[in-house]
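Peer 1: sharing a model that was predicted from the sequence below.
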Amino acid sequence: MEMLIKSVIIVGAACIAATFAVMEYWEWRNVPEAYNTHGQRRRRD
């Protein structure tokens, strides 16, 4: 039973992390001009 709970927590955390990663990626893709005008391609923290 503990393994099931741990698996659910791990999968849930992975889904949340993936969602944040995708959101950051789309945000970066949608505003390339803002980064290019300042001459910096690095992502914000």
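Peer 2: Ah, there it is. Remember, predicted model here, so these are calculated numbers, not experimental data.

Peer 1: so for the one helix or strand residue 8 maps to, mean pLDDT?
Peer 2: Counting by DSSP states H and E, the element that carries residue 8 is helix 2-30. Here helix 2-30 scores 93 as its mean pLDDT.

Peer 1: start at 28, not 1
Peer 2: Yep, numbering from 28; the last one is helix 29-57 now.

Peer 1: buried sites along it?
Peer 2: Of the residues in helix 29-57, none is buried under the neighbour-count criterion (16 or more other C-beta atoms under 10 Å). Just so you know, the C-beta spots here come from the backbone N, C-alpha and C atoms, and that holds for glycine as well.

Peer 1: elements contacting it?
Peer 2: Contacts defined by 3 or more C-beta pairs under 8 Å, 6 or more residues apart in numbering; DSSP states H and E place helix 29-57 against no helix or strand at all.

Peer 1: tell me the contacts of residue 41?
Peer 2: With C-beta atoms under 8 Å, 6 or more residues apart in numbering as the criterion, no residue contacts residue 41.

Peer 1: quick one: residue 40 from residue 50, how far?
Peer 2: Remark: distance between residue 40 and residue 50 (C-beta to C-beta, to the nearest Å) = 16 Å.

Peer 1: cool, and residue 57?
Peer 2: As defined by C-beta to C-beta, residue 57 lies at a distance of 11 Å from residue 50.

Peer 1: with residue 41 instead?
Peer 2: Taking C-beta to C-beta, one finds residue 41 at 15 Å from residue 50.

Peer 1: and residue 58, by the same measure?
Peer 2: With the distance defined as C-beta to C-beta, residue 58 ends up 13 Å from residue 50.

Peer 1: now residue 34
Peer 2: 25 Å.

Peer 1: ok so, going back, which neighbours do residue 58 and residue 50 share?
Peer 2: Common neighbours of residue 58 and residue 50 (criterion: C-beta under 8 Å, 6+ apart): none identified.
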